[in-house]
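In: only the shape, not the letters, is given here:
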């Protein structure tokens, strides 16, 4: 009997735009990745605190109400159990490349992004 591969860890999508959350979730689920979606940075923190198995990746929108992606990332970096979770920053901001260096994120995606670029970032972090 062949060994089954281990189950894939979840990808956490953090974006305030319903259309983006839905499209990303559908795309990643079609590729076989389990996903969780939240609307704000604060909801992401609540999700991470309630789920002991960390996601393999956080897709993080940088421009959100209540708690921006920058504020979430700072919180994440200050909390050791969360600090090692890879983050891909997403934004339409033209200065995202510079912001990504400051944030110390794994990667960044300029909105609108293409499918191959997204999937390359996912595969690098989640297999």
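Out: That came in fine, so what should we check first? Note that the structure is predicted; figures quoted are calculated from it, not measured.

In: only C-alpha atoms from now on, for both contacts and neighbour counts.
Out: Noted.

In: can you name the next helix or strand after the helix or strand bottoming out on mean pLDDT in the chain?
Out: Ranking every helix and strand in the chain by mean pLDDT, DSSP states H and E puts helix 96-103 at the bottom, with a mean of 75. Under the assignment DSSP states H and E, the closest C-terminal helix or strand after helix 96-103 is strand 107-110.

In: quick one: buried residues of that next one?
Out: By neighbour count on 16 or more other Cα atoms under 10 Å, the buried set for strand 107-110 is 107, 108, 109, 110.

In: next: stretch 50-62.
Out: Quick answer for stretch 50-62 (16+ other Cα under 10 Å): 54, 55, 56, 57, 58, 59, 60, 61, 62.

In: what's near enough to touch the last one?
Out: Under the criterion of Cα atoms under 8 Å, 6 or more residues apart in numbering, the contact partners of residue 62 comprise 68, 69, 70, 89, 90, 91.

In: looking at these, which are in helices?
Out: 69, 70 (DSSP state H).

In: between the contacts of residue 62, which is nearest residue 42?
Out: Nearest to residue 42 out of the contacts of residue 62 is residue 68 (Cα to Cα; 9.1 Å).

In: ok, now which ones touch the closest one?
Out: 40, 41, 61, 62.

In: ramachandran angles for the third one?
Out: Comment: the main-chain dihedrals of residue 61 come out as phi -70, psi 140, following degrees, to the nearest 10.
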